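1. pasting the sequence and the predicted model now:
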Amino acid sequence: MKNKTLIIPAILFFFILFILFYLLLIDRKPSELPSVLINKKVPVFKAESLLNDNIFISEKEFKNELTIVNFFATWCKPCLDEHVYLKKLSIGENLKIIGINYKDDPKKAIKWLKELGNPYYDVLVDYDARIGIDWGVYGLPETFIINSKGIIKYRLVGPITEKNYNMFKLKIIEINQ
Amino acid sequence: MMKKYFFSLIVIIILSQFFLLTPHAVEPDEVLENSKLELRARNISKNVRCLVCQNQSIDDSSADLAKDLRVLIRSKVKNGESDQEIYQFLIDRYGDFVLLKPLLKFNTLILWFMPFIFLIIGIFIIYQHHKKSN
């Protein structure tokens, strides 16, 4: 039979079709990139603090306890929405959160924290995005969870919201164990 | 008559698109004085993906991060780092995805060789078909 030769391409065609449909149906965010820093040590960096004269040295700070690093800026609208949940985590859950003020006007940032409250243990200034680039940041806000040994365990791209707050808290508990 | 003009106008508009050069996002203040180094920086930038727009190179993108990376690449070129070192620096932070051209690695083998496999399958099918119809 002549049609027999069509069987292989037909199977192949439906196989590809199946894969494409499968990719459409699963919950997938192709623009959200996985971080290459997961399970790696925190990048080494030094930074000025926004609110005091101390110099922050990364090697000294990421030890002994779980730490959250949050990249934010006053020009970033989702950061404003996220602020409430950061406060919940810092005051309600007593977590150490380090804020990194990304390419921002320090005056605006100080005013912002005064008006909205300061959930951060320390706020560092990243005026030229060099710290952000070392952390592989590509859009604000981004939040990292670092375990007590200074290893990056999780990255959230985009804000902490009502929807993902509980998931984020569970991640913290999971990493803390 | 009108119709004919209208048609040629459309053809001209479509053809003219091919002659437009893609605009570059590099701003004058970013450009290095040394044209040799600038050329190297441009070449690297063309191969680096803008992670904000994702299908543009940082050479074409006017996103903030693209500019920051362009400036960073230029300062590294100026410091005498090799192209390979600069690519590795970016891969260490943003992953292989930061390169517009995928690397030839174990998990990209399918991506690179699938077209050839399909070609062989195609030739095989045509050959079989030809043999039978003879």
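-> Yep, that arrived. Residues are numbered from 1 along each chain as shown, chains lettered A, B, ... in the order given.
2. what is the helix or strand containing A:F56 packed up against?
-> Per DSSP states H and E, A:F56 falls inside strand A:55-57. Counting contacts by 3 or more CB pairs under 8 Å, 6 or more residues apart in numbering or on different chains; DSSP states H and E, strand A:55-57 packs against strand A:46-48. Every residue, glycine included, has its C-beta placed from N, CA and C.
3. need the residues that contact the strand holding A:F56.
-> Here strand A:55-57 makes contact (CB atoms under 8 Å, 6 or more residues apart in numbering or on different chains) with A:K46, A:A47, A:E48, A:S49, A:I98, A:D122, A:L124.
4. out of these, which is nearest to chain B?
-> A:A47 (16.2 Å; CB to the nearest CB).
5. any idea how far that closest one is from A:A73?
-> 15 Å (CB to CB, to the nearest Å).
6. quick one, phi/psi of the closest residue to chain A within chain B?
-> Residue nearest to chain A within chain B (CB to the nearest CB): B:L51, separated by 3.8 Å. Backbone torsions for B:L51, taken as degrees, to the nearest 10, come to phi -80, psi -10.
7. that one: what's it in contact with?
-> For B:L51, the contact set (CB under 8 Å, 6+ apart) comprises A:L33, A:Y138, A:G139, B:L65, B:Y94, B:F97, B:V98.
8. okay, now the residue in chain A that chain B sits nearest to: neighbour count?
-> Residue of chain A nearest chain B, by CB to the nearest CB: A:Y138 (3.8 Å). Close neighbours of A:Y138, defined as other CB atoms under 10 Å in any protein chain shown, add up to 22.
9. the one 3 residues further on now?
-> Counted with other CB under 10 Å, the neighbours of A:P141 add up to 25.
10. also A:I152?
-> Other residues near A:I152 come to 23 when the count uses other CB under 10 Å.
11. ditto for B:V26
-> The burial count for B:V26: 20, using other CB under 10 Å.
12. could you do the one 3 residues further on as well?
-> Other residues near B:D29 come to 6 when the count uses other CB under 10 Å.
13. over to B:L109?
-> 10.
14. now B:R49
-> With other CB under 10 Å as criterion, B:R49 counts 22.
15. could you point out which element follows the lowest-mean-pLDDT helix or strand in chain A?
-> Lowest on mean pLDDT, DSSP states H and E among the helices and strands of chain A sits helix A:58-61, with a mean of 84. Going down the chain from helix A:58-61, the next helix or strand is strand A:67-72, by DSSP H and E.
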